[in-house]
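Asker: predicted coordinates and the sequence they were generated for:
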Amino acid sequence: MTTMKVEHRDRPPGAAEAQQIAIQLVGVNKWFDDYHVLKDIDLSVYQGERIVICGPSGSGKSTLIRCINRLEEHQRGSIFVEGTELTSGLDNIHKVRSEVGMCFQHFNLFPHLTILENCTLAPMSVRSLSKQDAEQMAMRYLEKVKIPDQANKYPAQLSGGQQQRVAIARSLCMEPRIMLFDEPTSALDPEMIKEVLDTMVELADEGMTMLCVTHEMGFARRVADRVIFMDEGQIIEENAPAEFFDNPQNSRTRLFLSQVLGH
Amino acid sequence: MKTSIFTTSFQRGKPRLKAALVFGAIAFVIAFAAAVNTGIVGELLRPAMSEAVLVGLWGRFAVALVVGILCFGGCYGLLGLPHRVQSWSVWAGLALSALLLFYSFDLSYEFIERKLPFLLTQGAFTTIYVSAISIVLAFTFAMLGATAKLSGIAILEGVGAFYTSYFRGVPLLVQLFLIYLGLPQIGLVIDPVPAAIAALSLVYGAYMTEIFRSGIQSIPRGQWEAADALGLQRMVTFKKVILPQAMRVIVPPTGNQFISMLKDSSLVSVVGVWDIMFIARTQGRADFKILEMLITASIIYWLLSVVLEMVQHRIEAHYSKSVAR
């Protein structure tokens, strides 16, 4: 549905394996009370790798990436982010969160702060940057997402697409090494999806490690190094996008793809 | 944009006439039921009808009709004015009627004039400083109480729950006596003013704890999550992200509490604090002019709460500036 002029650098999984591991999940399990959301998840993400996670709603894909920056706590197994293990220790959580940026379905901008203040709050408070330095950096990233002229407005004055791009800029201001996207285009009007995806493609081209939960299969096909299909809390299938879309192995994957691509 | 329940504009045409007729009819019914034919309006109609007619049913009807017509005319004229002017003139009109009512009590103004300076320098001064200190303390207690209740730490939650339960559950007057008369039992002799401040701030802090708690809880979880994901410390998130948004919900009911506290501070006169109420009662009683002092006191309280109301509007406007767009 969206046309993006992106040169897809085809990188076979074998080449990625030679690189360093950015995120590693080993036998991760999570329950919401009695409900078993994540079942024995094993996953390694290499530095610079772009991963798209898809699957039916309730399959645990959002919960999975929310475990990576500890917005959700896993109960069994272990998660390593850039070599730091996520335990209940606050120092570790803090360290991981400073490496990992996240964008949400509903943007979650701070409505009482201007766009610029949204971007400078964390760098000033967490990184102890001076106001001047933080604003300079914020303007740099706002230019990158192509909305520097909105810096002094409030979130409610911007369109959904613009708000999501501000959310991306806000995360980038913390200079993360990994970006998590939790259905970043699901709450957007169709005409605004492209501007957000373009921003994400640009990030991918710069070598950012990305995990993206999305239903934008076009984006997955063009940008992802690997597509992961989840259902009922398990990773059912993972493959390079060409292989994944053209030759899905599992019947549940085939059913899902026929549903999302068949219209 | 201001939301309003009714969409009809009564400013011109048929709706204006109808609205004025309704008000006139209501005034007629009230005037007839209250039998105002013997009051001031009756006096004004005296040239038109004899004493005998005036006191009878016919006189009652005639007077009520005059009142109704006057009200109809007044309302019709008023409805044509701009919105702001209308509401302000009604406000001023009602305030004037209240003052006129007081005026009709046939009070001794010489006495009020003689006692007013003392009522202001001693009474109002005490009321204001007791209330002001209590407001600051109540705000602090509420902040601590709400933080404790939402801390996720069981012990603190227990403390917070007991605090709100006890201090909201026992009447302010009883609390006041318990502090003033009870504490000396364990060797803590306490002066009336500190006792009054303690009772007021603890009780109002408990009410406001609940206001703060619900205000903080009204902020979507996504705001906490976004701040967490950015690596903000929880205290920073609370101060810079959650509280400024919660204030918009917190300020109106808190303003209410402050106005209510200002007036409830009159209870402290029972332990001998020389506030407005204490001075009014003691001074009035000595000369058998209780009503004079009570009315003067009520006007002082009223003026003070108008000031608080204006402060509240300012603060409300401040916290809703990003949402007003």
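Answerer: Now that the structure is in, tell me what you want to look at. Numbering: from 1, shown residues only, chains lettered A, B, ... in the order given.

Asker: go through stretch B:264-283 and flag the buried ones.
Answerer: B:264-269, B:271, B:273-281, B:283 (16 or more other CB atoms under 10 Å in any protein chain shown). Any C-beta I mention is one placed from the backbone N, CA and C, and that applies to glycine too.

Asker: and the stretch 51-200 of chain A, which residues reach chain B?
Answerer: A:69-71, A:94, A:97-98, A:100-102, A:104, A:106, A:108-113, A:121-122, A:125-126, A:154, A:156-157, A:167, A:170-171, A:174 (CB under 8 Å from any CB of the partner chain).

Asker: quick one, helices of chain A?
Answerer: Ranges of helices within chain A are A:13-17, A:61-68, A:90-99, A:115-126, A:131-144, A:160-172, A:190-205, A:217-223, A:241-246, A:251-261, based on DSSP state H.

Asker: mind putting these in JSON lines, mean pLDDT and mean neighbour count included?
Answerer: Below are these laid out as JSON lines (pLDDT from 0 to 100; neighbours: other CB atoms under 10 Å in any protein chain shown):
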{"stretch": "helix A:13-17", "mean pLDDT": "46", "mean neighbour count": "12"}
{"stretch": "helix A:61-68", "mean pLDDT": "94", "mean neighbour count": "24"}
{"stretch": "helix A:90-99", "mean pLDDT": "88", "mean neighbour count": "17"}
{"stretch": "helix A:115-126", "mean pLDDT": "95", "mean neighbour count": "23"}
{"stretch": "helix A:131-144", "mean pLDDT": "95", "mean neighbour count": "17"}
{"stretch": "helix A:160-172", "mean pLDDT": "95", "mean neighbour count": "25"}
{"stretch": "helix A:190-205", "mean pLDDT": "91", "mean neighbour count": "19"}
{"stretch": "helix A:217-223", "mean pLDDT": "91", "mean neighbour count": "21"}
{"stretch": "helix A:241-246", "mean pLDDT": "92", "mean neighbour count": "16"}
{"stretch": "helix A:251-261", "mean pLDDT": "90", "mean neighbour count": "14"}
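
Asker: and B:V90, which of those is closest to it?
Answerer: helix A:115-126 (41.7 Å; CB to CB).

Asker: pick out the residue closest to the middle of chain B.
Answerer: B:I259 (5.1 Å; CA atoms, centre = their mean).

Asker: and the pLDDT at it?
Answerer: Per-residue pLDDT puts B:I259 at 92.

Asker: OK, contacts around the closest residue to it other than its chain neighbours?
Answerer: Closest residue to B:I259 in three dimensions, ignoring its sequence neighbours and counting by CB to CB, 6 or more residues apart in numbering or on different chains: B:S305, at 4.6 Å. B:S305 sits next to B:I259, B:L262, B:K263 when contact means CB atoms under 8 Å, 6 or more residues apart in numbering or on different chains.

Asker: and the last one, how many neighbours?
Answerer: A count of nearby residues for B:K263, using other CB atoms under 10 Å in any protein chain shown, gives 17.

Asker: cool, B:G205 as well?
Answerer: Neighbours around B:G205, by other CB under 10 Å: 26.

Asker: which SSE is it in?
Answerer: helix B:192-217 (DSSP states H and E).

Asker: swap in B:L188?
Answerer: Going by DSSP H and E, B:L188 is not in any helix or strand.

Asker: now do whichever strand or helix holds B:L116: distance to the chain's middle.
Answerer: According to DSSP H and E, B:L116 maps onto helix B:109-118. Centre-to-centre, helix B:109-118 and its host chain are 25 Å apart (CA atoms, centre = their mean, to the nearest Å).

Asker: do stretch A:128-137 as well
Answerer: The answer for stretch A:128-137 is 25 Å, by CA atoms, centre = their mean.

Asker: what's in contact with that stretch?
Answerer: A:L116, A:C119, A:T120, A:P123, A:M124, A:R127, A:C173.

Asker: distance check, the residue sitting furthest away from the middle of chain A against B:I211.
Answerer: Most distant residue from the mean C-alpha position of chain A: A:Q132, 28.8 Å away (CA atoms, centre = their mean). As judged by CB to CB, to the nearest Å, A:Q132 and B:I211 stand 38 Å apart.

Asker: please identify which helix or strand holds the spatially closest residue to B:T237 that is not a sequence neighbour.
Answerer: If the residues on either side of it in the chain are set aside, B:T237 comes closest to B:A227, at 3.9 Å by CB to CB, 6+ apart. Here B:A227, judged by DSSP H and E, is contained in helix B:221-229.

Asker: state the next helix or strand along the chain beyond that helix.
Answerer: Taking DSSP H and E, what comes next after helix B:221-229 is helix B:234-236.

Asker: and that next one with chain A, contact?
Answerer: Yes. Using CB under 8 Å from any CB, helix B:234-236 reaches chain A at B:V236.

Asker: how far off helix B:192-217 does the helix or strand following that helix point, in degrees?
Answerer: Later in the chain than helix B:234-236, the nearest helix or strand by DSSP H and E is helix B:243-264. Using axes from the mean of the first three to the mean of the last three CA atoms, to 10 degrees, the inter-axis angle of helix B:243-264 relative to helix B:192-217 is 150 degrees.

Asker: name the helices or strands packed onto the following helix or strand past helix B:243-264?
Answerer: The helix or strand immediately downstream of helix B:243-264 is helix B:276-286, counting by DSSP H and E. Under the contact criterion of 3 or more CB pairs under 8 Å, 6 or more residues apart in numbering or on different chains; DSSP states H and E, helix B:276-286 touches helix B:109-118, helix B:125-149, helix B:290-319.

Asker: with mean pLDDT added, can I get the ones you listed in JSON lines?
Answerer: Below are the helices and strands packed on helix B:276-286 laid out as JSON lines (pLDDT from 0 to 100):
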{"stretch": "helix B:109-118", "mean pLDDT": "86"}
{"stretch": "helix B:125-149", "mean pLDDT": "93"}
{"stretch": "helix B:290-319", "mean pLDDT": "90"}
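
Asker: which of those helices is buried the deepest?
Answerer: Comparing the helices and strands packed on helix B:276-286 by mean neighbour count (mean count of other CB atoms under 10 Å in any protein chain shown), helix B:125-149 comes out on top with a mean of 20.

Asker: count of residues packed around B:L94?
Answerer: 10.

Asker: to B:R114, which of the helices of chain A lies closest?
Answerer: Nearest of the helices of chain A (CB to CB): helix A:115-126, 57.6 Å.

Asker: up against chain A, what does chain B have?
Answerer: Applying CB under 8 Å from any CB, one finds that chain B approaches chain A through B:220, B:222-223, B:225-233, B:236, B:240-241, B:244-245, B:319, B:322-323, B:325.

Asker: and the gap between B:I153 and B:S218?
Answerer: According to CB to CB, B:I153 stands 22 Å off from B:S218.

Asker: count the neighbours of the nearest residue to A:R76 once chain neighbours are set aside for me.
Answerer: The spatial neighbour of A:R76 that comes closest, neighbours along the chain excluded (CB to CB, 6+ apart), is A:N29 at 3.9 Å. Residues near A:N29, counting by other CB under 10 Å, number 15.

Asker: repeat for A:K146
Answerer: There are 15 residues near A:K146, going by other CB under 10 Å.

Asker: model confidence for it, exactly?
Answerer: In this model, A:K146 carries a pLDDT of 92.

Asker: so it touches A:I168, yeah?
Answerer: No. Using CB atoms under 8 Å, A:K146 makes no contact with A:I168, being 10.8 Å away.

Asker: okay, and the common contacts of the two?
Answerer: With CB under 8 Å, 6+ apart as the test, A:K146 and A:I168 both reach A:T199.

Asker: okay, and B:V159 sits in which element?
Answerer: Here B:V159 is assigned to helix B:154-169, by DSSP H and E.
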